[in-house]
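could you look at this predicted model? Sequence included:
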Amino acid sequence: MARLEHVFELLRTFGLGVRIGEPVRAPAPPGLPAAPLRRGGRSVSAMCWSATADLIAGGGIAAVGVASVASAARRPLDLPLAALPLLLGAHQIVEAVVWHAQGGTGPATLAWAVIALPLLALWVPAAVLCAAPPGARRRLLIPLAVGIATCAALAQALATRTVTAEIRGHTVGYSLGLPWAALIVLGYLLATIGSLLLSGDRSLVLFGVLVGVGAAVSFALWRQEYISTWCAFAALCSVVLLVWVRRRRPRTPRPSGRPTP
């Protein structure tokens with residue numbers, strides 16, 4: 001029964017099903033915080049997040065992305081991965097717009113979902129493949145192929161279904177009915193975290209581990225708001241990429257100081 005409950009909780013991430021034994025919570029009126037969930041007689045507080053927090057965090061992470069892209073200017077193959085903090089920072093700014101719109105199904109919600117779901121599923125494995133050493137590229141074709149298939153499935157779902165955002169206290173919950181949701185979630189994780197772990201680069205493996213831990217923590221603490229909190233965590237962890245880029249920057253040869261004959 002416990003395993004079945006975890007399956008339902010994972011499917012709920014994409015708007016499918018309701019957790020066993022837990023009532024559906026009605027959204028709070030605009031401007032009022034939602035009542036905290038109670039599990040086992042204890043209240044469970046959601047992550048403290050808001051439009052202002054998203055805006056500040058997004059601006060800071062985007063600035064890190066600009067610095068990362070500037071540092072990778074001499075290594076064109078590193079640019080897609082170096083630009084990931086810039087994309088994730090912009091993603092958080094888009095969510096600030098979702099907050100101001102009080103959720104719903106508007107353009108900001110759709111833009112957020114397009115970045116979070118199909119775009120990142122393809123961007124991350126493709127960017128890791130571009131930056132990887134030649135010896136690692138063959139094995140990275142597997143997460144890239146999975147990413148392409150996952151991206152296509154998610155794009156098709158967004159084109160034919162409606163994604164909805166709901167303000168839940170201090171978090172945002174997103175729902176999108178997906179067929180074969182468990183398979184698509186598995187493909188998404190393999191394409192994104194899997195490509196980082198298979199990269200062979202210590203900094204990228206560290207980034208993959210941090211993102212993986214963030215996924216587990218977000219699912220354990222904010223199961224109904226899993227996607228939003230995990231994306232925020234991944235955006236913060238992407239600061240690691242600035243260190244990675246600067247370590248790979250070609251060193252300028254120092255002058256020898258010898259007199260010219």
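It's in. Numbering: from 1, shown residues only.

make it CA atoms for all contacts and neighbour counts henceforth
Fine.

could you point out which element follows the host helix or strand of Glu166?
For Glu166, the element it lies in under DSSP states H and E is strand 164-168. The C-terminal neighbour of strand 164-168 among helices and strands, as given by DSSP H and E, is strand 171-175.

which strands and helices lie in contact with that following strand?
With contacts defined as 3 or more Cα pairs under 8 Å, 6 or more residues apart in numbering; DSSP states H and E, the packing partners of strand 171-175 are strand 164-168, helix 226-237.

out of those, which gets nearest to Ala181?
Smallest distance to Ala181 across those (Cα to Cα): 13.6 Å, for helix 226-237.

quick one, the closest one and strand 171-175 angle?
If you take axes from the mean of the first three to the mean of the last three Cα atoms, to 10 degrees, helix 226-237 sits at 120 degrees to strand 171-175.

what comes into contact with helix 226-237?
Helix 226-237 has contacts (Cα atoms under 8 Å, 6 or more residues apart in numbering) with 13, 47, 57, 61, 85, 88-89, 92, 116, 171-174, 207, 210-211, 214-215, 218-219, 222.

could I get the CA-only coordinates of stretch 73-93 as CSV?
Output of stretch 73-93 as CSV, limited to C-alpha atoms (Å, rounded to 0.1, in the frame of the first residue of the first chain):
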residue,chain,number,x,y,z
ALA,A,73,33.1,33.1,-24.7
ARG,A,74,36.4,31.5,-25.9
ARG,A,75,35.0,28.0,-25.7
PRO,A,76,31.9,27.9,-27.9
LEU,A,77,31.0,24.3,-27.0
ASP,A,78,30.7,25.3,-23.4
LEU,A,79,28.2,28.1,-24.1
PRO,A,80,25.0,26.1,-23.9
LEU,A,81,25.8,24.7,-20.5
ALA,A,82,27.3,28.0,-19.3
ALA,A,83,24.0,29.7,-20.3
LEU,A,84,21.9,27.3,-18.1
PRO,A,85,22.0,29.6,-15.0
LEU,A,86,20.8,32.4,-17.3
LEU,A,87,17.8,30.3,-18.5
LEU,A,88,17.0,29.1,-15.0
GLY,A,89,17.2,32.7,-13.6
ALA,A,90,14.8,33.8,-16.4
HIS,A,91,12.6,30.9,-15.4
GLN,A,92,12.3,32.1,-11.8
ILE,A,93,11.4,35.6,-13.1
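
for that stretch, buried residues please.
For stretch 73-93, the neighbour count (16 or more other Cα atoms under 10 Å) marks 77-93 as buried.
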